[in-house]
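A.B. asks: with the input below, show me the fold.
(one chain, ligands or ions: 1)
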Amino acid sequence: MRIHHLNCGTDCPFGGALFDGFSKGPVGKLVCAAQLIETDGGLVLVDTGYGMQDVEQPSRLPAFFRSALNIQLRREETALFQVEALGFKASDVRHIVLTHLDFDHAGGIEDFPEARVHVTAIEKDLAERHRRGFINARRYQPVQFDAVRDWRTYQVGGEGWFGFEAVRALDGLPPEILMVPLPGHTLRHAGVAINTGSGWLLNAVDVYLSGARWICAGRTARRGWRVYQHQHRLRELTRLQGGAVTVMCSHDPKELETLQARAA
Ligand SMILES: [Zn+2]
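C.D. replies: Numbers count the residues shown, from 1 in each chain. Just a heads-up that it's a prediction; the model follows:
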């Protein structure tokens, strides 16, 4: 399996190094990492960042986060643009595995109308029907995913992965790709583990915001504690497994650069 590490969105929030751990000025830099995986059964996309419709119609995105995150919408950063630049067609993307349905991960879903979309059942239910409170009413934008024709939803449980709960046997996907639920950031936020053939890559999504800072992304004390526990376990995992498991997050530009250089 060949993995392309894409950046499908850039945010430049005011707060600089508070967000990314390295910016010198008042403005930070966050990316929206996505993996495009070439498999025997077609292309698999893990998360989608911002999509073409977000670029064309920014009001699809919540005004509060558009300004708080200082979102930079660029056509060339959409997954669709990058898939086509690699010489593929949108219809070659057969599967999208979603870590969760936040607007900065779900924006590109409908650019691939023929894809089967995989997500945990609770996350989909929350995003569609339980949008109470200031943050939940804004983080989920059903307009980004209400036209999906082929959902596959999963209950959590079953055989684990390095001591973590896991969802294996994603419908139509090879066993090298599985979900690793890491609840906290959203209630059913899930990482995605990929067996690259030369070790595991775990996309831990929003369990931390930056490799330099390991900022806790939990919103309440209880959720923050769960996120902290995940961070602790992930550090232990990388320590105990040495080079056999690489852990990454969604929004750290330096981590993404390292993975892109390694893949090249
Ligand atoms: Zn995120």
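A.B. asks: which stretches in this structure count as helices?
C.D. replies: According to DSSP state H, the chain carries its helices in the segments 17-20, 52-56, 63-68, 79-85, 103-106, 121-129, 134-139, 221-241, 253-263.
A.B. asks: out of the ones you listed, the one nearest the ion is which?
C.D. replies: Taking C-beta to the ion, helix 103-106 is the member of these nearest to the ion, at 5.3 Å. Every C-beta, even on glycine, is put in place using the N, C-alpha and C of the backbone.
A.B. asks: would you mark the buried spots in that closest one?
C.D. replies: F103, D104, H105, A106 (16 or more other C-beta atoms under 10 Å).
A.B. asks: for that helix, the distance to its chain's centre please.
C.D. replies: 8 Å (C-alpha atoms, centre = their mean, to the nearest Å).
A.B. asks: can you check stretch 63-81 too?
C.D. replies: 15 Å.
A.B. asks: re the thing from before, reformat the buried residues of helix 103-106 as a markdown table; add pLDDT.
C.D. replies: Shown next, in a markdown table, are those (pLDDT from 0 to 100):
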| residue | pLDDT |
| --- | --- |
| F103 | 96 |
| D104 | 96 |
| H105 | 97 |
| A106 | 97 |
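A.B. asks: quick one on the thing from earlier: got a markdown table for the helices of the chain, with distance to D146 too?
C.D. replies: Output for these, formatted as a markdown table (distance: least, C-beta to C-beta, whole Å):
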| stretch | distance to D146 |
| --- | --- |
| helix 17-20 | 30 |
| helix 52-56 | 12 |
| helix 63-68 | 19 |
| helix 79-85 | 18 |
| helix 103-106 | 11 |
| helix 121-129 | 8 |
| helix 134-139 | 16 |
| helix 221-241 | 27 |
| helix 253-263 | 29 |
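A.B. asks: count the residues that sit near the residue of the chain found nearest the ion.
C.D. replies: Residue nearest to the ion within the chain (C-beta to the ion): D206, separated by 4.2 Å. Per other C-beta atoms under 10 Å, the neighbour tally for D206 reads 23.
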